[in-house]
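[1] need a structure here:
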Amino acid sequence: MKVEIWSDFVCPWCYIGKRRFESALERFAGRDGVEVVYRSFELNPESERDGNPGVIDMLAEKYGMSREQAAERVRMVTELAGNEGLVYHMDRAIQTNTFDAHRLAHFAAARGKLKEMTERLLKAHFTDSLHLGDSQVLADLAGEVGLDRAEALEALEGGAYAEQVRQDEREAAMLGVRGVPFFVFNRKYAVSGAQPAEVFARVLEQTWSEERPLVVAGEENEAAACGADGCELPGKKE
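    Model (predicted):
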């Protein structure tokens, strides 16, 4: 089974949704047969690398609310994150363009470290208040998950993996993704948003049941049946 997850590293619901999905996957009997792939999605591709307002001011302006109301929204999301074992410091998170962070994720994927890199980038933004638009910071994070820092920096400064990010975004548009997190199971079922773990568990079971080979009950015993050579008839066999 293949599960593709479109998300952005500055999306608070993406980190929460990731944890809820992981909780369901951990309890799923067929978890060893599940391939999880993280896909790129930019919430605000027009965002500048530097000089963006803080999250409270951004929310107040975007949704036409007071700073107090925005701060309360941030507090509520922080509390929900805490319920999933996550530590959020959204009030000091650095708002930036995430295109380079997504390029780094593809760099890591090519070297078998996508899972580790995705987790580290999310934690870097929400917990550690690091600048995900800074190539030096990104290279440091690559080194932390066991990748070659110098190689990562060279890839970032050279523009590598830009097409892979754009391809993920084109596929998101093709699938009708309008917001993240967005989870796609075998390109057949989808879950939108940071749903409870129980929702992910149901979709995992449903998808798994449909792709497993048919199990024939009682196959070890002889039973009346017809086939290409005719039908078994009752009676003692010679």
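[2] going forward, measure contacts and count neighbours with C-alpha atoms only.
    Fine.
[3] Under the pLDDT cut-off, which ranges of this protein? List them.
    213-238 (pLDDT under 70).
[4] Which parts of it are helices?
    Counting by DSSP state H, one finds helices in the chain at the ranges 12-26, 55-63, 67-83, 99-109, 114-126, 135-144, 149-158, 162-175, 197-211.
[5] which one of those helices is the most hemmed in?
    Of all the helices of the chain, helix 99-109 carries the top mean neighbour count, a mean of 24, counting by mean count of other C-alpha atoms under 10 Å.
[6] and the closest residue in space to Gln95 that isn't next to it in sequence, what is it in contact with?
    Once flanking residues are discounted, Gln95 sits nearest to Asn52: 5.9 Å by C-alpha to C-alpha, 6 or more residues apart in numbering. Neighbouring residues of Asn52 by C-alpha atoms under 8 Å, 6 or more residues apart in numbering: 94-96.
[7] what would the helices of the chain look like in TSV with distance to Val3?
    Below are the helices of the chain laid out as TSV (distance: least, C-alpha to C-alpha, whole Å):
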stretch	distance to Val3
helix 12-26	10
helix 55-63	30
helix 67-83	22
helix 99-109	15
helix 114-126	13
helix 135-144	24
helix 149-158	26
helix 162-175	14
helix 197-211	9
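[8] Nearest to His89, out of these?
    Each of the helices of the chain was scored for nearness to His89 using C-alpha to C-alpha, and the closest is helix 114-126 (5.7 Å).
[9] what residue is smack in the middle of this protein?
    Centroid-nearest residue in the chain: Ile5, 3.5 Å away (criterion: C-alpha atoms, centre = their mean).
[10] Tell me the bridge partners for that residue.
    Tyr38, Phe183 (DSSP bridges).
[11] thought it was touching Phe183?
    Yes. Using C-alpha atoms under 8 Å, Ile5 is in contact with Phe183, at 4.6 Å.
[12] Output stretch 95-102 as CSV, restricted to C-alpha atoms.
    The C-alpha atoms that make up stretch 95-102 are tabulated as CSV, following Å, rounded to 0.1, in the frame of the first residue of the first chain:
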residue,chain,number,x,y,z
GLN,A,95,7.5,32.9,8.5
THR,A,96,9.3,32.2,5.2
ASN,A,97,9.1,30.8,1.7
THR,A,98,9.4,27.0,1.9
PHE,A,99,10.4,26.2,-1.6
ASP,A,100,14.0,25.5,-0.7
ALA,A,101,12.9,23.3,2.3
HIS,A,102,10.9,21.2,-0.1
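[13] chain center to it: distance?
    Relative to the chain's own centre, stretch 95-102 is displaced by 16 Å; criterion: C-alpha atoms, centre = their mean, to the nearest Å.
[14] Next up, phi/psi of Ala110, please.
    Main-chain dihedrals, Ala110, degrees, to the nearest 10: phi -70, psi -10.
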